[in-house]
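*Asks:* no FASTA, just this:
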């Protein structure tokens, strides 16, 4: 498996262990990662930095969850906010949740605990070419 990712990822998860695990995997692949603990922090970081290639967004978090945060990001008409790939991180996937995730403007989802090969495949689709 190719393990070199040239990508800047924002990981949004309220669980510190999840953030540590994802960071370990991303670092191993050469990706750079930034972190937020809830949707409000994510929106703040995305708005001020605008340098993320993809966002891994937990669906259920305190203060503001991933669905709400994604809707707020997509509400900005700037093309960066419209095109920024957002992948849901979720522990369960009922068909109703899948519909809610896609309707919110998220591009895809990954089940937790995540499979590194699956995560790599989904992230590699969004990496910078060159």
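*Replies:* Nice, I can see it. What you are looking at is a predicted structure, and each value in this text was computed from that prediction instead of being measured. Residues are numbered from 1 along each chain as shown.

*Asks:* does residue 74 touch residue 103 like I think?
*Replies:* No: Residue 74 is not in contact with residue 103 according to C-beta atoms under 8 Å; the separation is 10.4 Å. C-beta here means a position set from N, CA and C on the backbone, and glycine is covered the same way.

*Asks:* higher neighbour count, the two?
*Replies:* For residue 74 versus residue 103, neighbours defined as other C-beta atoms under 10 Å are more numerous around residue 74 (16 against 11).

*Asks:* that one: what's it in contact with?
*Replies:* Residues in contact with residue 74 (C-beta atoms under 8 Å, 6 or more residues apart in numbering) are 81, 82, 104, 105.

*Asks:* and the pLDDT at residue 92?
*Replies:* Predicted confidence (pLDDT) for residue 92: 80.

*Asks:* one step back: helices - which of the contacts of residue 74 land there?
*Replies:* 81, 82 (DSSP state H).

*Asks:* buried subset of the contacts of residue 74?
*Replies:* For those, a neighbour count by 16 or more other C-beta atoms under 10 Å gives the buried set as 81, 104, 105.

*Asks:* nearest to residue 51 among those?
*Replies:* Checking these against residue 51 by C-beta to C-beta gives residue 81 as the nearest, at 13.1 Å.

*Asks:* next, the contact list for the closest one, please.
*Replies:* 46, 73, 74, 75.

*Asks:* burial measure for residue 24, as a count.
*Replies:* Applying other C-beta under 10 Å, we find 11 other residues in the vicinity of residue 24.

*Asks:* make 536 the starting number, not 1.
*Replies:* Noted, 536 is the first residue going forward, which turns the last one into residue 559.
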